[in-house]
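A.B. asks: coordinates for the following, if possible.
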Amino acid sequence: MLGITKTDLKELSAAQMLANWLILVLLVAVSQASPALLSLSGIGGSSPTYERIGLPLLLRSLDLKASRAPGCLLVDARSLDDYRLGHIPGAIHFEKVAPPLPQTGRIIVYCEDVLCSRAAFVAAAFVRAGSPDVCVYTGGWNEWKTSNLPVEN
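C.D. replies: Next up, the predicted model:
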């Protein structure tokens with residue numbers, strides 16, 4: 001086995017729940033400073049839907065030679081410190097996305113990996129704000145790095 005006990009899993013779950021709660025509190029605090037961000041939070045609304053994509057579809061959407069995603073906005077939902085250490089070429093940090101959001105083209109959001117909920121939260125905010133084509137790259141930064149794909153700092 002991996003040496004992980006049921007107690008470890010309970011603590012991990014509690015830690016993940018705490019992390020998710022802190023992210024929510026932070027986003028609410030930031031939204032208090034900006035009414036535009038409050039409209040993106042969508043707190044209290046119904047759950048919006050967005051597409052989940054894997055690495056093959058993400059690669060078809062990106063132009064790696066041009067270090068940008070033609071016709072789409074690539075958004076990194078990780079912490080700003082993680083973003084500064086490295087991100088997918090052409091990605092912008094979610095804090096830099098300012099309303100009004102693009103109403104055409106695809107918005108692709110990613111986070112650390114499939115277990116990270118920040119990408120889903122940011123994607124849901126884009127959908128609530130009226131963006132018609134939003135998706136989450138589920139493999140996230142970890143899959144991108146382990147696939148030896150280009151990195152931008």
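
A.B. asks: any chance you could map the helices in the protein?
C.D. replies: Counting by DSSP state H, the chain forms helices over residues 6-33, 35-41, 55-61, 80-85, 118-128, 140-146, given from the N-terminal end onward.

A.B. asks: for this protein, give me the ranges with low pLDDT.
C.D. replies: Counting by pLDDT under 70, the low-confidence segments of the chain come to 1-48, 63-70, 102.

A.B. asks: try it again with 50
C.D. replies: By pLDDT under 50, the low-scoring segments of the chain are 1-4, 8-9, 31-44.

A.B. asks: OK, contacts around residue 110?
C.D. replies: Applying CB atoms under 8 Å, 6 or more residues apart in numbering, we find residue 110 in contact with 74-77, 88, 91, 119, 136-137, 139-141, 144. Every residue, glycine included, has its C-beta placed from N, CA and C.

A.B. asks: most widely separated two among those?
C.D. replies: 75 and 139 (15.1 Å; CB to CB).

A.B. asks: between the two, which has more neighbouring residues?
C.D. replies: residue 75 (27 against 19; other CB atoms under 10 Å).

A.B. asks: that one contacts residue 111, doesn't it?
C.D. replies: No. Counting by CB atoms under 8 Å, residue 111 is not a contact partner of residue 75; they are 9.8 Å apart.

A.B. asks: please enumerate the shared neighbours of these two.
C.D. replies: In contact with both residue 75 and residue 111: no residue, using CB under 8 Å, 6+ apart.

A.B. asks: please report how far the nearest residue to residue 49 once chain neighbours are set aside lies from residue 59.
C.D. replies: What sits nearest to residue 49 in space, not counting adjacent residues and going by CB to CB, 6 or more residues apart in numbering, is residue 127, at 6.9 Å. For residue 127, the distance to residue 59 under the criterion CB to CB, to the nearest Å works out to 23 Å.
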